[in-house]
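Asks: below: sequence and its predicted model.
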Amino acid sequence: MFHFRIQQILSFAVLICISNSSDACVDDDARIAEVAAANGIEDISACVDVSNQCGLQDQRGEVLRSLCCATCAENE
């Protein structure tokens, strides 16, 4: 169920073309929480909550790595 919810969040993020325009590798915890909340998921408040999805090899993974650069870099 949790995995499905993460996919739902990331799919929504892809649809609205979220990207981190900063060159610095920092997490955007507020944005990932906003995307989750917009999908009715209240238990995601930071990148650490979705860190197990950093390795997705699709557009959702790219968005997650963009929003959660520092967290995903730690998990490589």
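Replies: Looks like it came in fine. Numbering: from 1, shown residues only.
Asks: pLDDT below threshold where in this structure?
Replies: Applying pLDDT under 70 to the chain flags the ranges 1-23.
Asks: where along it do the strands fall?
Replies: Along the chain, no stretch is classed among the strands by DSSP state E.
Asks: so which residues of it form helices?
Replies: For the chain, the helices defined by DSSP state H occupy 2-15, 29-38, 59-67, 69-74.
Asks: leaving out chain neighbours, which residue sits closest to residue 49?
Replies: Spatial nearest neighbour of residue 49, chain neighbours left out: residue 43 (7.2 Å); criterion: C-beta to C-beta, 6 or more residues apart in numbering. Using the backbone N, CA and C atoms, a C-beta is placed for each residue, glycine as well.
Asks: phi, psi for that neighbour please.
Replies: phi -90, psi 10 (degrees, to the nearest 10).
Asks: quick one: it and residue 50 touch, right?
Replies: No. Assessed by C-beta atoms under 8 Å, residue 43 is found out of contact with residue 50, at 10.7 Å.
Asks: more neighbours: which of these two?
Replies: Of the pair residue 43 and residue 50, residue 50 is the one with more neighbours under other C-beta atoms under 10 Å, namely 23 against 9.
Asks: would you agree the more buried one is in contact with residue 32?
Replies: Yes. Between residue 50 and residue 32 there is a contact at 6.5 Å, judged by C-beta under 8 Å.
Asks: residue 64 contacts residue 57, doesn't it?
Replies: No. If you go by C-beta under 8 Å, residue 64 and residue 57 don't touch, sitting 11.3 Å apart.
Asks: just want to know which of these two has more residues nearby.
Replies: Taking neighbours as other C-beta under 10 Å, residue 64 and residue 57 compare with residue 64 leading, 27 against 7.
Asks: so how far is residue 54 from the more buried one?
Replies: Separation of residue 64 from residue 54 (C-beta to C-beta, to the nearest Å) stands at 6 Å.
Asks: cool, and residue 32?
Replies: Distance of residue 32 to residue 54, computed by C-beta to C-beta: 12 Å.
Asks: what's the overlap in contacts for those two?
Replies: Counting by C-beta atoms under 8 Å, 6 or more residues apart in numbering, the common neighbours of residue 32 and residue 54 are 64, 68.
Asks: perfect, that will be all.
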